[in-house]
Every structure is written in structure tokens, then in C-alpha cells.
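Q: A structural model of the following input is requested.
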Amino acid sequence: MSDPFIVNEFQEAILDTVRRFTEEVVVPVAADLDRNTDPEDSFSWDIVEKADAAGIRTMTLAEKWGGIGADSVTTGMVVEELAKGDIGVSVIMTQTLKIAQILQVALTQDQQERFIPGFRDDPRGLLAIGITEPETASNYFVPGDWSFTSKAEKTDGGWIVNGMKHFISNGNRACVYMLFVQTEKGKPLQEGSTCFIVKRDTPGFTIGRVHDKMGERLANNAELIFTDCFIPDEDVIGEPGKGFQVLVDFLPASNAYAAATVLGNAQTAYDRSVEWAKTRNQGGKLLIEHDGIRSQLAEMHMMIDVARTYIRKATWMADNRDSVAWDPALGALPKVYASQAAWQIATWASEIHGGSGFMKDIGMEKLMRDAAAFLHSDGVNRTLLLKAANSIFKD
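A: Numbers count the residues shown, from 1 in each chain. All right, here's what the predicted structure looks like:
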């Protein structure tokens, strides 16, 4: 088995490509895109197309589908590297990379042949997953007497879907969607929901508003609206009524990818703080020479290292569930820790910059806004802690 804590030559070559892409394509435009008033204008197809040209967009596809078959450990590294340039760009790619992984294992051969080539061959091909609703959000992580308000009723040859999803990453940009809706009345969503695969141009499926977010603005989140939308039986993923099992079986690394995303943001905040401390003179000496600043930077370094170690463990175990005992808490806790650490690091970084940290031209306020997203994104932290507690103390 490969060592998740040693970057091998294959991974280093990929990361070199991602670093160049981030430095040359993302960083020069991220701040300007972030400042756009209309959230749709903060998204860049140019970035997506250049990510495709660099081989990033399809890297989790197996070689037979035209990718390089990147595993979860490598994908986590890439996600972090992208987020160092901008957290929104990382979210765009993370959603696409992880869903591409799912499609190759959760779809039937017929479904793969009908959906994967179109995504692969479109340089603007992005993927999205529709779970969150106004009344059903992070509570889907824990058992309870609740169900999706979006519903599908059985009809000849398929299902009629009605309802809405919101806060969906890539919601207004994707070409293919995984969609979770309630199909069995009177049952909680963990027992009575079904997962479907849906194309963007399906009749009855439209895009609602694009959400205007505080941070992570380069990624669009939007409403998905279904009005008497017919989805054929052959587009059910897994079995009807067992949609939640798709998440359990095929999304083990999702939480760790979210952790890697916010970690990249924290790494940038830390790096800028070190650079500032080495050049800013205060009280007759450089900030780095003040014991309080030096020790705080050391603590930030420690928190980043711990989060990265946790992510590597989670992504490695996600890929090796057949040979090691999978810990379900790893599907909840890495993001909790990384997001809490990233928020603390962003706050400290702003303080280290003093008054300059409050000014937009320095960029610290953007990093703080972006860090705030993952206190909620991919599951509210309190709910994820409860999910982990339920697995830890199930006996």
C-alpha cells in the first residue's frame, strides 16, 4: 500500500501542474471576480476551460474514460492546492472530481456509457449533486423523522419529480446532476429517498436564483426547480427507496475533500502572515522577532499540519476500505476540525496584519469571508459532530 504521508513522483507531477494553473490562471483574476456584485459574474468559464486543458477537470476519471484515475489521497492534495489560489475555484472542481468518482462506481454500465462521455468531452462539463432543500439541510446527516420535501411519484416507465433544491454548488453551471428526492411516503429520507441522474436539459428541470454569498464567490450556488419533471426508470442510481445508501457507499472521501478545500485557504492566510511578519517593522523590530507573533505563527503551523494529517488519513482509508476498518467518524470530523482551524487562522492572520488586515487591497478580508463558508458548507459543524458521535457511541 502507498504511504499517504509521502508525496510520490506521480503526485508531485500532478501538483506541479496544479500549482502552475493556480498561479497563472486563478490568482491573477480571483480578487476581481470576487468583487463583482452579481454572483453569476464571479464565475469564470475561462478558468474551467483552462482547468480542462490542464487535465484537472477530468483527472478522477479512469484511463479508459480519458482521465488519469487519481485516487482520493491525490485528489485531496489537488483540492488543497487549488484552494490556495481561491476557495471557490476549488469548490467548482471538487464537486466535479468527487461526483466523477461516484459515477464510475455507482452507475450501471449503461448509465456510464450514456452520461460519462458527454461530461468528459465538454470542456465546460461540470457536475453537481442536489440534496439540500430549504427545510432539509444538514439534518440529513443524522437519523430522524424527516424527509425530503422534493418528491417523485411513480408513473409508467419512470418518475414524476416536483420540488426544489437550493444552495447547490455548480447548480446553475453543471451538465449532469445527482438528485435525491423522496419516493416513499411516510418514511424518513434515510429509508425512503431515491437517487437519480439527471441531465441539464431535461424537460421540467429549470434553474432558479443564484445565491448571493458572503464568500466563496467564484463558485456559484443555485436553486434547482423541478416541475412535473419526468425521469425514466433507467436513470435511477442504485435501487428505488435506497438513495441514501448511495451516499454511504460512494461518498466516503467527500468530507475530507471539503476539509482540504478550507485547509488551502488557511495555508494561504498563514503564508501571507509569515511573509508580512518578516517584512513589517513594529516597535523597533520585525514582527517575526516578537515572541507573541512567533508563537502564534507556530500554533497556526501546527493546526494546519494536524488538519492535513487528518485529511491524508481519511482519504487513504476511504480508498482502502476493503483492507482496513473504515471509521465512519472520518466521514464527518476532518471538515469540522479543518474549518474550525481555518477560521481561527484567518482571524489571527487578520490581527497579525493589524489595520492593514481590515483593508480589501491586502486580501485578508476575502480569506476570512471564504473561511466562514466551511463552518456551514458540506454540513453544519454541530450536525457533523452529532453524526460522528452517533457512530462513535452507537453501542
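Q: leaving out sequence neighbours, find the closest residue to Trp343.
A: Ala371 (5.0 Å; Cβ to Cβ, 6 or more residues apart in numbering). Using the backbone N, CA and C atoms, a C-beta is placed for each residue, glycine as well.
Q: list of residues touching whatever helix or strand the one you found lives in?
A: Using DSSP states H and E, Ala371 sits in helix 364-373. Contact with helix 364-373 is made by 31, 34, 86-88, 213-216, 262, 265-266, 268-269, 272, 339, 342-343, 345-347, 349-350, 353, 356-360, as judged by Cβ atoms under 8 Å, 6 or more residues apart in numbering.
Q: change it to 6 Å
A: 34, 87, 214-216, 265, 269, 342-343, 346, 349-350, 353, 357 (Cβ atoms under 6 Å, 6 or more residues apart in numbering).
Q: alpha carbons only: can I get it in PDB?
A: Extracted in PDB, the C-alpha atoms of helix 364-373 (Å, rounded to 0.1, in the frame of the first residue of the first chain):
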ATOM      1  CA  MET A 364      -7.100  39.100   4.300                       C
ATOM      2  CA  GLU A 365     -10.800  40.100   4.400                       C
ATOM      3  CA  LYS A 366     -11.500  37.800   1.400                       C
ATOM      4  CA  LEU A 367      -9.700  34.900   3.100                       C
ATOM      5  CA  MET A 368     -11.900  35.500   6.200                       C
ATOM      6  CA  ARG A 369     -15.100  35.500   4.200                       C
ATOM      7  CA  ASP A 370     -14.000  32.400   2.300                       C
ATOM      8  CA  ALA A 371     -13.100  30.600   5.500                       C
ATOM      9  CA  ALA A 372     -16.500  31.300   7.000                       C
ATOM     10  CA  ALA A 373     -18.200  29.300   4.200                       C
END
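Q: averaged pLDDT, that helix. What do you get?
A: Helix 364-373 carries an average pLDDT of 97.
Q: likewise stretch 29-37?
A: Averaged across stretch 29-37, pLDDT comes to 98.
Q: do the same with stretch 317-329
A: pLDDT averaged over stretch 317-329 equals 92, rounded to a whole number.
Q: just the CA trace of it, in PDB.
A: C-alpha atoms of stretch 317-329 as PDB (Å, rounded to 0.1, in the frame of the first residue of the first chain):
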ATOM      1  CA  MET A 317      -8.800   5.000   4.400                       C
ATOM      2  CA  ALA A 318     -11.600   5.900   2.000                       C
ATOM      3  CA  ASP A 319      -9.600   4.200  -0.800                       C
ATOM      4  CA  ASN A 320      -8.700   1.200   1.300                       C
ATOM      5  CA  ARG A 321     -12.000   0.200   3.000                       C
ATOM      6  CA  ASP A 322     -11.600  -3.400   1.800                       C
ATOM      7  CA  SER A 323      -8.300  -3.900   3.700                       C
ATOM      8  CA  VAL A 324      -8.700  -1.600   6.700                       C
ATOM      9  CA  ALA A 325     -11.700  -1.000   9.000                       C
ATOM     10  CA  TRP A 326     -13.300   2.200   7.900                       C
ATOM     11  CA  ASP A 327     -14.100   4.600  10.700                       C
ATOM     12  CA  PRO A 328     -17.500   6.400   9.900                       C
ATOM     13  CA  ALA A 329     -16.400   9.400  12.000                       C
END
